[in-house]
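Q: here are the coordinates; sequence isn't available:
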């Protein structure tokens, strides 16, 4: 059964598809992963490896392959401190995620 085109024009959009007023301007506040990485350079971070080990230290630099150089690094396995390193280099393909840490 064909629908009348006039009916289609007068129907309103479902509430679930209309953005909430506070979400309308949210697009201007979005940050890309690249922006996050630039923001945490020189700051304390937590790097989780695919193996489950955590490395906590100051992010010195990283490249496009996510190879990471850290300073004042501590290695944690299963939540237990295993070692402390002055400098640490992590190959990017081992990285699961990088998160920021609060300053000590």
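A: Sure, I can see it. Not measured: the values here are computed from a predicted model.

Q: contacts for the strand or helix carrying residue 74 next, please.
A: If you go by DSSP states H and E, residue 74 is part of strand 68-77. Here strand 68-77 makes contact (CB atoms under 8 Å, 6 or more residues apart in numbering) with 45, 47, 52-62, 81-90, 92, 95, 98. Placement of C-beta: from N, CA and C, glycine included.

Q: got a list of what residue 62 touches?
A: 37, 41, 68, 69, 92.

Q: quickly list what it is bridged to.
A: residue 68 (DSSP bridges).

Q: what stretches of the protein score poorly on pLDDT?
A: Low-confidence segments of the chain (pLDDT under 70): 1-28, 103-104.

Q: show me what the longest helix anywhere in it packs onto, helices and strands only.
A: Longest helix of the chain, by residue count under DSSP state H: helix 33-40. On a contact count with 3 or more CB pairs under 8 Å, 6 or more residues apart in numbering; DSSP states H and E, helix 33-40 meets strand 95-100.

Q: buried sites along the strand it packs on?
A: Residues of strand 95-100 classed as buried: 95, 98 (neighbour count, 16 or more other CB atoms under 10 Å).

Q: so who does the residue nearest to residue 49 when sequence neighbours are not counted touch?
A: Leaving aside its chain neighbours, residue 49 sits nearest to residue 94 (4.9 Å; criterion: CB to CB, 6 or more residues apart in numbering). Contacts of residue 94 were listed using CB under 8 Å, 6+ apart, and they are 49, 50, 51.

Q: touching, the second one and residue 97? I think so.
A: What that stands for is residue 50. No. The criterion here is CB atoms under 8 Å, and residue 50 misses it with residue 97 at 10.0 Å.
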